[in-house]
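> got a sequence here, can you model it:
(2 chains)
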Amino acid sequence: DAGVIQSPRHEVTEMGQEVTLRCKPISGHNSLFWYRQTMMRGLELLIYFNNNVPIDDSGMPEDRFSAKMPNASFSTLKIQPSEPRDSAVYFCASSPHSRDETQYFGPGTRLLVL
Amino acid sequence: AQSVTQPDIHITVSEGASLELRCNYSYGATPYLFWYVQSPGQGLQLLLKYFSGDTLVQGIKGFEAEFKRSQSSFNLRKPSVHWSDAAEYFCAVGAGDTGRRALTFGSGTRLQVQP
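Predicted coordinates for the structure are as follows:
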């Protein structure tokens, strides 16, 4: 059974460019989460969706960040324009519909903005 | 709002020695509690979780954790550490009965294992 799939695994881009990160949650899971991990700030929740609807985006740093979930099997996190301070590892996680709040993490996308 | 504190940023133990990683949480009701492990360059893997019932929970890789409500703690333990346990460990708390499904993570404890 495939876990959470993220692409790309690594991304190097120049400041000002648009970056799109992709996530495929585990089939049957109805909650999806985007996190950012940096040395300075640790693991931060950016946004999460329930049944494809954004529930809490209070962690999104600013208007340069946007996230969508057009269907139950796909989500994107977009940064436009990107800045060097966006360099981090971005994780996607999914959780099943139940009282169980266990989140299953993808391998992450390591982003470097030059 | 809930919060999690992992007071130890970095711990070094010898292989074969016992291990305890500390986690303290702040939450008004009964929390959902988790321990995750992250190996270098990898995502987070669930070690164990507590929702209710027996306060001593067993996880994968020989880990266990004990929920102590009076101390607001959920410490992770292992009787004998293996070199492959070197990684970063995260404690997390969920909001349980509020319906908010997001977890709050601690800042992590990096475990180094000496031969």
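> looks to me like residue A:90 is in a strand.
Yes: according to DSSP: H, G, I helix; E, B strand; the rest coil, residue A:90 belongs to a strand.
> now the strands for chain A?
Per DSSP state E, chain A carries strands over the ranges A:5-7, A:10-13, A:19-24, A:29-38, A:42-50, A:53-56, A:65-71, A:74-79, A:88-96, A:104-105, A:109-113.
> distance of residue B:62 from chain A?
The gap separating residue B:62 from chain A is 20 Å, by C-beta to the nearest C-beta, to the nearest Å. All C-beta spots, glycine's among them, are computed from the backbone N, C-alpha and C.
> how about the residues of chain A near chain B?
Residues of chain A lying near chain B by C-beta under 8 Å from any C-beta of the partner chain: A:4, A:31, A:33, A:42-43, A:45, A:48, A:50, A:55-56, A:91, A:93, A:95, A:99-108.
> which of those count as buried?
Buried residues within the residues of chain A next to chain B, counting neighbours by 16 or more other C-beta atoms under 10 Å in any protein chain shown: A:4, A:31, A:33, A:43, A:45, A:48, A:50, A:55-56, A:91, A:93, A:95, A:101-108.
> let me see the contact set for the closest residue to residue A:18 other than its chain neighbours.
Distances taken as C-beta to C-beta, 6 or more residues apart in numbering or on different chains place residue A:80 nearest to residue A:18, at 4.2 Å, with adjacent residues excluded. Shown in contact with residue A:80 (C-beta atoms under 8 Å, 6 or more residues apart in numbering or on different chains): A:18-19, A:64, A:66.
> okay if I get the residues you listed as CSV plus neighbour count and pLDDT?
Listed next are these as CSV, based on neighbours: other C-beta atoms under 10 Å in any protein chain shown; pLDDT from 0 to 100:
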residue, neighbour count, pLDDT
A:18, 11, 97
A:19, 21, 97
A:64, 15, 95
A:66, 15, 96
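> quick one: low-confidence residue ranges for the chain.
Assuming you mean chain A. Within chain A, the ranges that satisfy pLDDT under 70 run A:1, A:97-100.
> oops, chain B please
Within chain B, the stretches with pLDDT under 70 are B:96-101.
> which residues of it lie near chain A?
So chain B meets chain A at B:32, B:34, B:36, B:42-46, B:49, B:51, B:90, B:94, B:96, B:100-105, B:107-108 (C-beta under 8 Å from any C-beta).
> once you drop chain neighbours, what's closest to the residue nearest the centre of chain A?
By C-alpha atoms, centre = their mean, chain A has its centre lying nearest to residue A:34, at 3.2 Å. Closest residue to residue A:34 apart from its sequence neighbours, by C-beta to C-beta, 6+ apart: residue A:46 at 4.4 Å.
> residue A:31 now?
In space, residue A:31 is closest to residue A:95, 4.1 Å off (C-beta to C-beta, 6+ apart).
> the one you found and residue A:103 touch, don't they?
Yes: counting by C-beta atoms under 8 Å, residue A:103 is a contact partner of residue A:95 at 4.9 Å.
> so what's in contact with the two at the same time?
Contacts common to residue A:95 and residue A:103, judged by C-beta under 8 Å, 6+ apart, are A:31, A:33.
> tell me which element residue B:48 is part of?
Element membership for residue B:48, per DSSP states H and E: strand B:44-50.
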